[in-house]
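K.L.:
show me how the following folds:
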Amino acid sequence: MNRIIPDQTGNIWIANNYRGIVKFDGISDDFTEIIIDGHERLKDGTMDLFCFSATLDNTGIIWFATAQGIMKYDAGRESFINYKYEDGNNNSISSNQVFGLLESKNK
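P.N.:
Okay, the predicted model is just below:
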C-alpha cells in the first residue's frame, strides 16, 4: 500500500501498486477493487494500474497519482476521469508517471 485516505462518507481508499485502487466501506466492512475502463487484471493477478499516491481535496474529489497519469474520482457522479500526457498539447500534464499530489490553497 502506498497511501490510505478516508473520504467524507466513511470509506477508506487505498492506493496500491499491485491492486490499483481499493475501497473499503466502513459500514458494510467490504473491500472493493475499483475497475476503471481501459484497465484490467493481468495474468499474474495484479492490475495494470499502478497507483502511487492519493489525496482528498477540499471539495470531496479524490485524486490518484498513477503510472498512467492522474485519476480524478468524483464520488457524487461515481466516475473517474484520467488525465494523461498528450504529445503536442501544451495543456496536458507533462508526464504519465505521477508519483505524488499536493493540493493548492488557491481555489
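K.L.:
where does the protein have low pLDDT?
P.N.:
1, 37-48, 107 (pLDDT under 70).
K.L.:
so which residues of it form strands?
P.N.:
Assigned by DSSP state E, the strands in the chain fall at 3-6, 11-16, 20-25, 30-33, 51-56, 62-66, 69-74, 79-83.
K.L.:
and of the ones you listed, who's closest to Asn89?
P.N.:
Asn89 lies closest to strand 79-83 among the strands of the chain, at 11.0 Å (Cβ to Cβ). Yep, even glycine has a C-beta here, placed from its N, CA and C like the rest.
K.L.:
ok, the residue nearest to the spatial centre of the chain - contacts?
P.N.:
Taking Cα atoms, centre = their mean, the centroid of the chain lies closest to Phe64, which sits 3.0 Å from it. Phe64 is in contact with Ala15, Ile21, Cys51, Ser53, Ala54, Ile70, Met71, Lys72, Tyr73, Leu101, counting by Cβ atoms under 8 Å, 6 or more residues apart in numbering.
K.L.:
switch to 6 Å and redo it
P.N.:
By Cβ atoms under 6 Å, 6 or more residues apart in numbering, the residues touching Phe64 are Ala15, Cys51, Ala54, Met71.
K.L.:
among those residues, which one has the most neighbours?
P.N.:
Using other Cβ atoms under 10 Å as the neighbour test, the contacts of Phe64 are led by Cys51, with 27 neighbours.
K.L.:
isn't that residue right up against Thr66?
P.N.:
Yes: in this structure Cys51 lies within contact range of Thr66 using Cβ atoms under 6 Å: 5.0 Å.
K.L.:
for the nearest residue in space to Cys51 that is not next to it in sequence, what are its contacts?
P.N.:
Nearest residue to Cys51, sequence neighbours excluded (Cβ to Cβ, 6 or more residues apart in numbering): Ala15, at 4.0 Å. Contacts for Ala15 (Cβ under 6 Å, 6+ apart) come out as Asn2, Arg3, Cys51, Ser53, Ala54, Phe64.
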